[in-house]
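Engineer: Coordinates only, no sequence provided:
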């Protein structure tokens, strides 16, 4: 692993709100990536940011299937991140 990176595995149950037939979704097996950025600081000193990218190996899953997420957090601030 690159310096400063570590691997964390956790399991958590969650519910799906609605049922969808995955046969009608063409890109269900393609990977999905979401990136969010939060700027910190005030006024002209807000150039530091925290960036989180979540990647899934595919977009659709069936009940009982494991969901694997790759979460990368880049902290370009001096603030400690307590939870994600």
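Structural biologist: Noted; the coordinates are in hand. All values reported here derive from a predicted model rather than from experimental measurement.

Engineer: OK, contacts around the most centrally placed residue in the chain?
Structural biologist: Per C-alpha atoms, centre = their mean, the C-alpha nearest to the average position across the chain is that of residue 54, at 2.2 Å. Applying C-beta atoms under 8 Å, 6 or more residues apart in numbering, one finds that residue 54 lies in contact with 33, 34, 35, 69, 70, 71. Glycine gets a C-beta too; all of them are placed from N, C-alpha and C.

Engineer: Partner strands of whatever helix or strand it lives in, with direction?
Structural biologist: Here residue 54 is covered by strand 49-56, with elements defined by DSSP states H and E. Strands that pair with strand 49-56, judged by DSSP bridges, come out as strand 32-39 (antiparallel), strand 69-75 (antiparallel).

Engineer: any chance of the ones you listed in a markdown table, with distance to residue 49 and mean pLDDT too?
Structural biologist: Shown next, in a markdown table, are the strands paired with strand 49-56 (distance: least, C-beta to C-beta, whole Å; pLDDT from 0 to 100):
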| stretch | distance to residue 49 | mean pLDDT |
| --- | --- | --- |
| strand 32-39 | 5 | 91 |
| strand 69-75 | 8 | 90 |
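
Engineer: Which of those sits closest to residue 84?
Structural biologist: strand 69-75 (6.2 Å; C-beta to C-beta).

Engineer: Can you name the residues in contact with the closest one?
Structural biologist: 50, 51, 52, 53, 54, 55, 56, 81, 84.

Engineer: tell me which of these is nearest to residue 42?
Structural biologist: Among the contacts of strand 69-75, residue 50 lies closest to residue 42 (C-beta to C-beta), at 15.4 Å.
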